[in-house]
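Q: just the structure for this:
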Amino acid sequence: MASRLSRIWPTLSRVRLSSAFGSRCVSQTPKSSASGAAVASDLQSLSPAAQDSHGHAEVSPFDKNPDFHGFHHHDAFVDEWNMRLAFFFGISVAIVIGGTFIHYLPDHGMRQWARREAERLIKQREAEGLPLMTENYYDPSTIVLPSSEED
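A: As a prediction, this is how the structure comes out:
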């Protein structure tokens, strides 16, 4: 497997993932004013209802805090710590309580009981001097067979 991978690795390293998935890269550098690109605020004027008493527009929490996690709208530090605490305790509780719950579930399929019963029967048969397994699953003397005349 490793030898096959080493043979095709040069080919795989030339494959561009962005072209494979049909996505395109977008530049994150700010546009210069000479490019003539229109800004969203240039395209549509804000209605008086969307502005506050000082003439400022309402800014979404995501614009104020680009790393907004949804735990605190005004303070980025509190938002980040609330997110960390929520995920830490949420995942810890899920793992600890979930693991404890699964550990103390009853014996599914009675596997442990079947093992204990098999060990008990083996000890009993060894003490009586009988073979551990017989060739017949059922006692042949208790099986009622149809007579050959009833065919």
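Q: run a quick neighbour tally on residue 67.
A: 9 (other CB atoms under 10 Å). All C-beta spots, glycine's among them, are computed from the backbone N, C-alpha and C.
Q: quick one: it from residue 83, how far?
A: 9 Å (CB to CB, to the nearest Å).
Q: show me what secondary structure element comes after the helix of greatest length in the chain.
A: Of all the elements of type helix in the chain, the one with the most residues (DSSP state H) is helix 76-103. Under the assignment DSSP states H and E, the closest C-terminal helix or strand after helix 76-103 is helix 111-128.
Q: residues in contact with that next one?
A: 107, 131-132 (CB atoms under 8 Å, 6 or more residues apart in numbering).
Q: how about stretch 139-149?
A: Contacts of stretch 139-149 (CB under 8 Å, 6+ apart): none.
Q: at 10 Å what do you get?
A: residue 136 (CB atoms under 10 Å, 6 or more residues apart in numbering).
Q: buried sites along that stretch?
A: Of all the residues in stretch 139-149, not one is buried under the rule 16 or more other CB atoms under 10 Å.
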